[in-house]
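[1] Fold the following.
(one chain, ligands or ions: 1)
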Amino acid sequence: QEYVLIKMKIVAPYPVKLKKFSNKSMFLVAATLRPETMYGQTNCWVRPDMKYIAFLTKSNEIFICTARAARNMSYQDFTTEEGKAPVVINLMGEDLLGCCLKAPMTIYETIYTLPMLTIKDDKGTGIVTSVPSDSPDDYAALVDLKKKTAFREKYGIKDEMVLPYEPVPIIDIPDFGTLGAVTIYERLKIQSQNDKEKLLEAKEILYLKGFYDGVMVIGEFKGKKVQDIKKSVQKLLVDKNEAVIYHEPEKTVMSRSG
Ligand code: ZZB
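    Alright, predicted model coming up:
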């Protein structure tokens, strides 16, 4: 599986545990299959109870993701020594909450790291970029945070990290409009980020619709079909050093060899 890793740059005020490394560029790296949706990022998700590491890349930057993903990256020429990802510090997701980020392409000047409880530890990097206009999971989690003050308080999330951020129209899909995830969330009457089955159904529908019928309504490729420009957006991001390509080994292969 080939993912695009989006480099979300950590900016001041730095989280306590990362302050002492702020002389280096630090990034939360989010794995996505949808680079064309980066215009609509509203936040970044981490799982508060999950372990992450910060490690040093061969270009002397700090990447933050799960140890599993870092290990994979160390075999994909991300680090100085093959198979070794030099750990700078071990972190929990909660150490990263409320972190201020600059993300590529999005209309929002800065965005924040917020808690999502359904992040999987065996997929991608454990860091997930949020596009609530086109990802039902992201929209559901954002609505949960906006609706529930207690939920925000529990994780020390300030109102200004959540409330000003609205889904951005980026792709027009016939029958779904320009906020596909919002439309399908309402049609399927999804209640929360824990509504697993409905969210899976919503995601499958939108993946297909977005890819085959979607037309960009924002950015460099406005007016073009998603399937025609996906690769070009990816190249744009990689050429600007705002993203890198990351391969995830097939799970079946892993378990056979392990
Ligand atoms: C931005 C984005 C925009 C995404 C969208 C989806 C959609 P898949 O297909 O199951 O492999 N993701 C990445 N890593 C994780 C994780 N560890 N746990 C939970 N979710 C994760 O899923 C890949 C997508 O799931 C990725 O692409 C990422 O969200 C999320 F408009 O990035 B995506 C209809 C979906 N739309």
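[2] In this structure, spot the strand with the most residues.
    Taking DSSP state E as the criterion, the chain has its longest strand at strand 2-11.
[3] Do any residues in that one lie close to the ligand?
    No. Strand 2-11 lies apart from the ligand when judged by Cβ under 6 Å from any ligand atom; the minimum separation is 7.6 Å. Placement of C-beta: from N, CA and C, glycine included.
[4] Need the three-state assignment for residue 193.
    coil (DSSP: H, G, I helix; E, B strand; the rest coil).
[5] Verify the contact between it and residue 144 for me.
    Yes. Judged on Cβ atoms under 8 Å, residue 193 makes contact with residue 144 at a distance of 5.4 Å.
[6] residues in the stretch 51-200 of the chain within reach of the ligand, list them.
    119, 120, 123, 124, 126, 128, 129, 131, 134, 135.
[7] Secondary structure and distance to residue 234 for these - can I get that in CSV?
    Output for these, formatted as CSV (DSSP: H, G, I helix; E, B strand; the rest coil; distance: Cβ to Cβ, whole Å):
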residue, secondary structure, distance to residue 234
119, coil, 23
120, coil, 23
123, coil, 19
124, coil, 16
126, coil, 21
128, strand, 18
129, strand, 14
131, coil, 15
134, coil, 16
135, coil, 17
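[8] Farthest pair within these?
    Among those, the pair separated by the greatest distance (Cβ to Cβ) is 126 and 134, at 20.9 Å.
[9] residues in contact with residue 251?
    Contact analysis of residue 251 by Cβ atoms under 8 Å, 6 or more residues apart in numbering lists residue 122.
[10] just residue 74 next, same as before
    By Cβ under 8 Å, 6+ apart, the contact list for residue 74 reads 81, 82, 83, 84, 85.
[11] any idea how far it is from the ligand?
    To the ligand, residue 74 is 19 Å away according to Cβ to the nearest ligand atom, to the nearest Å.
[12] Can you check the pLDDT for that residue?
    Per-residue confidence (pLDDT) for residue 74: 98.
[13] Just give the nearest non-adjacent residue to it, would you?
    Nearest residue to residue 74, sequence neighbours excluded (Cβ to Cβ, 6 or more residues apart in numbering): residue 85, at 4.3 Å.
[14] and that neighbour, that's in a strand?
    No. Using three-state DSSP, the assignment for residue 85 is coil, not a strand.
[15] wait, it sits on residue 70?
    Yes. Residue 85 is in contact with residue 70 according to Cβ under 8 Å; the separation is 4.0 Å.
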